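**Q** Sequence plus the predicted model coming up.
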Amino acid sequence: MAGSATDADTDADAFRRYWTSDARFHSLIAAQADNPFLESAFRALSGPVQRFRLFMKAGHAHAGQAAAEHQRILDALASGDPAAAAEEMLAHVKAASERALPEHGETAS
């Protein structure tokens with residue numbers, strides 16, 4: 001994901017590769033959570049969320065920032081530290097909200 005993230009804000013092909021990698025990362029996290037509700041919710045919401053991101057990105061995917069957040073999540077999972085993984089996931093969700101909402105006159109709560 002980091003490779004496609006480098007140029008995702010300026011290159012359409014890199015953005016598509018990043019988008020595919022990003023969706024796969026989130027899908028794998030949902031599948032490995034051993035929570036059928038979470039996985040079902042992810043499948044139901046992933047299409048609309050990706051379309052929102054595509055149409056509302058206002059020229060920036062912030063792919064590099066998201067890829068770094070994903071790496072921290074992956075590192076925490078690989079270390080076997082669920083508390084660190086949860087902390088990194090929460091930080092990613094908050095950062096993603098802050099990246100998306102201020103561009104459209106909103107603020108995250």
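**A** Yep, it's here. Numbering: from 1, shown residues only.
**Q** Could you list the single helix or strand in the chain with the lowest mean pLDDT?
**A** Least confident helix or strand of the chain, by mean pLDDT, DSSP states H and E, is helix 2-5 with a mean of 56.
**Q** Show me which positions of the helix or strand following that one end up buried.
**A** Next in sequence after helix 2-5, counting helices and strands by DSSP states H and E, comes helix 12-32. Residues of helix 12-32 classed as buried by neighbour count (16 or more other C-beta atoms under 10 Å): 14-15, 17-19, 21-22, 25-26, 29-30. Where you see a C-beta, it was placed from the backbone N, CA and C, and this is true even at glycine.
**Q** and the helix or strand just after helix 12-32, how far from the chain's centre?
**A** Using DSSP H and E, the helix or strand that directly follows helix 12-32 along the chain is helix 36-56. Counting by C-alpha atoms, centre = their mean, to the nearest Å, helix 36-56 is centred 11 Å from the centre of its parent chain.
**Q** Export helix 36-56 to CSV, keeping only CA atoms.
**A** Extracted C-alpha coordinates of helix 36-56, given in CSV (Å, rounded to 0.1, in the frame of the first residue of the first chain):
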residue,chain,number,x,y,z
PRO,A,36,-19.5,-11.6,12.0
PHE,A,37,-21.4,-8.4,12.6
LEU,A,38,-18.3,-6.2,12.0
GLU,A,39,-17.5,-8.1,8.8
SER,A,40,-21.1,-7.9,7.5
ALA,A,41,-21.2,-4.1,8.3
PHE,A,42,-17.9,-3.6,6.5
ARG,A,43,-19.2,-5.4,3.4
ALA,A,44,-22.4,-3.4,3.5
LEU,A,45,-20.7,0.0,4.0
SER,A,46,-17.5,-0.4,2.1
GLY,A,47,-19.0,0.5,-1.3
PRO,A,48,-20.8,3.7,-0.1
VAL,A,49,-17.8,4.8,2.0
GLN,A,50,-15.4,4.3,-1.0
ARG,A,51,-17.7,6.3,-3.2
PHE,A,52,-17.9,9.0,-0.6
ARG,A,53,-14.1,9.1,-0.4
LEU,A,54,-13.8,9.2,-4.2
PHE,A,55,-16.3,12.0,-4.8
MET,A,56,-15.6,14.1,-1.7
